[in-house]
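S.K.: Let me see the structure of the following:
(one chain, ligands or ions: 3)
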Amino acid sequence: MSKNSKEKSIKAKKLNNKEDEEKQDIKQDDEENKLKAKTENETKNKIEDEVENEIDNKAEDKTKNEKEKKKENNKKNKDNKDNENELKKEDTKENKLVKRIIWVIVIVAIIIELIYGGYLLYEKFKNKFHNIEIEIGSVTEIRMEDFLIDEKYKEDSVMHTDLSNIDLKKVGEYKVKLSHDEKEEEVTLKLVDTTPPEVEFQDLNKYIDYNLSADDFIVKKEDLSEMETGIINPPKLDKFGDYNITVGVKDIYGNMTTKVCKLYLRWIKESLSIERGQEIKKEDLLYNAEIDGNLLDENRLKEIANSDIGDYEVETSKDGVTVKTKIKVTDLTPPNLEVKNISIYDDEVSTLNGKDSFIVSTSDASGEVTTNLKTELNLSNIGTQDVVIEAIDKYLNKTEKTATLTIMKDTKGPVISGLSQITIQRGGSINLRSGVSARDDRDGGCDFQVDDSKVDTNTAGTYYATYTSKDKRGNTTTNKRKIVVNHNQEDTNNKFNEYYNQNLAGKSVLDIVQTIRNGIRYNSNWGGDDPIWYGLTNRVGNCYVHALLVKKALDKKGVSNILVHTTDNSHYWNLVNEGGRYRHYDSTPGSHIVGPATDEEKYTSAGMRGRNWDRNAYPKAE
Ligand SMILES: [Ca+2]
Ligand SMILES: [Ca+2]
Ligand SMILES: [Ca+2]
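M.R.: Numbers count the residues shown, from 1 in each chain. Ligands and ions are numbered 1, 2, ... in the order given. Presented below is the predicted three-dimensional model:
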């Protein structure tokens, strides 16, 4: 029992040690802990197994000893003192064994400690970064992590060199400073070019005088570094024929791309494609028509050019080499199509001949063209519509053109011109057709009619003649023309007499003045060259018109009278001799005193507004 408790205390001590170690190294990450734990567990199990084996062996020994002891006791029953001595001897042997076991355990623990401590020291001082080599153009940036020997050192690691200005597409070598947990390291960044150029090559057809050049065989070449081109083991080009040319493109770091290209030294092309009807010139086929022109038959070329589409062959030989040249005759050209726009009146659309009305011309080298109307003609649609027409040749090449169809409706009658006002003297003659014409925008010149039934050239007055013109569609235009028939003195007298007889005959002077005052309204018009005519025709006029009417009426009545005006000629009225005594009469509507009035009464009347007349020029009215 005492041995078991010792073992337990050893185990506990070991566990305590382990805990202590863990406490000391809390910075260590999980993997380290796991590794350590694993190592320790294995060691511990081993120790435990050893201890258990020792104990088992010991137990067996003990049982054996006891049996032997009993036998001895049975045999040597007589001597008890001897037996006690034997037991004491056994005890001393057991103690020695336990001590040895404890020593083994302690030594093993010390060894583990030493190994683990060494590991920690190694971890702390070993390099965390390494040199790197990168292909130019393969990355867009270089990060601190790229230098780490293990991702687990990322934390506490810092890059001190700024790499942002480095051209990652150029070869170069750079020193880079980094640190982990404040321990600085310097590594190398190498940018290398190990990639050969990317090249697109081509074969060539050339004439015998061709000077070999690598670049002629290269369509496109790409590399991040500078390149040079060249031909490897160039052959001698001394006769027509086929040559293999090894073309190489190398970057300045020695990476190279090569290809064997074909060079055909020919006097003639191997193939030619022409549009039907297109002339084939010897220069189109021969590299040097001047030297080799006689190799081709011109008539044969003409024949091919005018042949139907297909493949034709021309054979030529030179320097013992024969070349068959293929001439492909194609028709890829769509036909010519010319169209026109049409404007037409709605009553004429039946004269349209479908698409043909819009097609001016078609033509094609194949000699065959068909046309189609791609849109429907809407002949009842007033306005403009698109008319799409396609032309197709024998080989179905198409041309499409758009014309317009404008359908108009004629709603406008002819325009009649030359209808200026006519003024004639009463009794004069007029020609109402002279200088007049009617024109329709669709029909052109049109006939017109004149209605002059309202015009009386024998009576002064203003009349209107009516002109009418009609287009073919029936649109009618009607215009009026003003005809003025001027009056003469006789007309004025007749008009006055008529007025006098109807309104003034037999009346007293005052009545006559009153009647004119009431019958003829006031305006500012002086009545032109015939105020009597003006006043009676229009029943209006200013003071002069009124005063003249009164004068003419009194003259006719046989009453002596005088026309009077203010010194500034701004007002007219009448002085009437009534039995040798003069009195003022005024027929102008408004504030003028009608009369009979004395000079004083006239002068002070409101209408005069202080205006006076030449008192010496007229008889006095007192
Ligand atoms: Ca390269
Ligand atoms: Ca064609
Ligand atoms: Ca018309």
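S.K.: okay, CA-based contacts and neighbour counts for the rest of this
M.R.: Fine.
S.K.: ok so E348 is a helix residue?
M.R.: Yes - assessed with DSSP: H, G, I helix; E, B strand; the rest coil, E348 lies in a helix.
S.K.: Could you check how far it is from ligand 3?
M.R.: From E348 over to ligand 3 the distance is 13 Å, taken as Cα to the ion, to the nearest Å.
S.K.: contact partners of stretch 615-622?
M.R.: Applying Cα atoms under 8 Å, 6 or more residues apart in numbering, the external contacts of stretch 615-622 come out as 564, 581-584, 597-600.
S.K.: Quickly list what the most centrally placed residue in the chain is bridged to.
M.R.: When Cα atoms, centre = their mean is applied to the chain, the residue found nearest the centroid is T402 (25.7 Å). Taking DSSP bridges, one obtains V388 as the residues bridged to T402.
S.K.: Let me see the backbone angles for A505.
M.R.: The phi/psi pair for A505 (degrees, to the nearest 10) reads phi -60, psi 130.
S.K.: and it, how far is that from L120?
M.R.: According to Cα to Cα, to the nearest Å, A505 and L120 sit 156 Å apart.
S.K.: Show me which residues of the stretch 51-200 of the chain sit near ligand 1.
M.R.: 195-196 (Cα under 5 Å from the ion).
S.K.: do the chain as well
M.R.: So far as Cα under 5 Å from the ion goes, the chain lies against ligand 1 at 195-196.
S.K.: how does the chain divide into domains?
M.R.: 2-125, 132-192, 198-265, 271-330, 336-403, 415-486, 489-608 (automatic domain parsing).
S.K.: Most tightly packed of those?
M.R.: When you average the neighbours per residue for each of these (mean count of other Cα atoms under 10 Å), domain 489-608 leads with a mean of 18.
S.K.: Ends of that one, what's the gap?
M.R.: Span of domain 489-608 from end to end, Cα to Cα: 33 Å.
S.K.: picking that back up, okay, the domains of the chain in JSON lines with mean pLDDT next?
M.R.: JSON lines is the format used below for the domains of the chain (pLDDT from 0 to 100):
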{"stretch": "domain 2-125", "mean pLDDT": "60"}
{"stretch": "domain 132-192", "mean pLDDT": "94"}
{"stretch": "domain 198-265", "mean pLDDT": "96"}
{"stretch": "domain 271-330", "mean pLDDT": "92"}
{"stretch": "domain 336-403", "mean pLDDT": "95"}
{"stretch": "domain 415-486", "mean pLDDT": "95"}
{"stretch": "domain 489-608", "mean pLDDT": "96"}
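S.K.: List the single closest residue to K355 in space, sequence neighbours excluded.
M.R.: L373 (5.8 Å; Cα to Cα, 6 or more residues apart in numbering).
S.K.: Who is the one you found paired with across the strands?
M.R.: Beta-bridge partners for L373, by DSSP bridges, are I389.
S.K.: List the contacts of it.
M.R.: 355, 387-390.
S.K.: Then G595?
M.R.: Going by Cα under 8 Å, 6+ apart, G595 touches 510, 583-586.
S.K.: Of these, just say which sits nearest to G445.
M.R.: D586 (60.8 Å; Cα to Cα).
S.K.: Relative to V545, how far out is that closest one?
M.R.: Separation of D586 from V545 (Cα to Cα): 11 Å.
S.K.: Check the gap between Y153 and L178 for me.
M.R.: Counting by Cα to Cα, the gap from Y153 to L178 is 12 Å.
S.K.: I should have written I149 there, sorry.
M.R.: Distance from I149 to L178, by Cα to Cα: 12 Å.
S.K.: Give the residues shared as contacts by the two.
M.R.: With contacts defined as Cα under 8 Å, 6+ apart, the residues shared by I149 and L178 are F129.
S.K.: contacting residues for G445?
M.R.: 437-439.
S.K.: just these now: which is nearest ligand 3?
M.R.: Ligand 3 lies nearest to R439 out of these, by Cα to the ion, at 8.8 Å.
S.K.: Am I right that that closest one is in a helix?
M.R.: No - the assignment for R439 by three-state DSSP gives strand, which leaves it out of any helix.
S.K.: residue contacts, it?
M.R.: 414-416, 445-446.
S.K.: ok, 6 Å please
M.R.: By Cα atoms under 6 Å, 6 or more residues apart in numbering, the contact set of R439 is 414-415, 445-446.
S.K.: which of those residues lies closest to P235?
M.R.: Within the contacts of R439, the smallest distance to P235 is 90.3 Å, found for G445 (Cα to Cα).
S.K.: Roughly how far does the closest one sit from S417?
M.R.: For G445, the distance to S417 - Cα to Cα - is 11 Å.
S.K.: now do V199
M.R.: For V199 relative to S417 (Cα to Cα), the value is 84 Å.
S.K.: Then D308?
M.R.: For D308 relative to S417 (Cα to Cα), the value is 66 Å.
S.K.: where along the stretch 451-600 of the chain do the strands fall?
M.R.: 461-470, 476-486, 521-522, 540-541, 561-565, 572-578, 581-585 (DSSP state E, counting those that start in this stretch).
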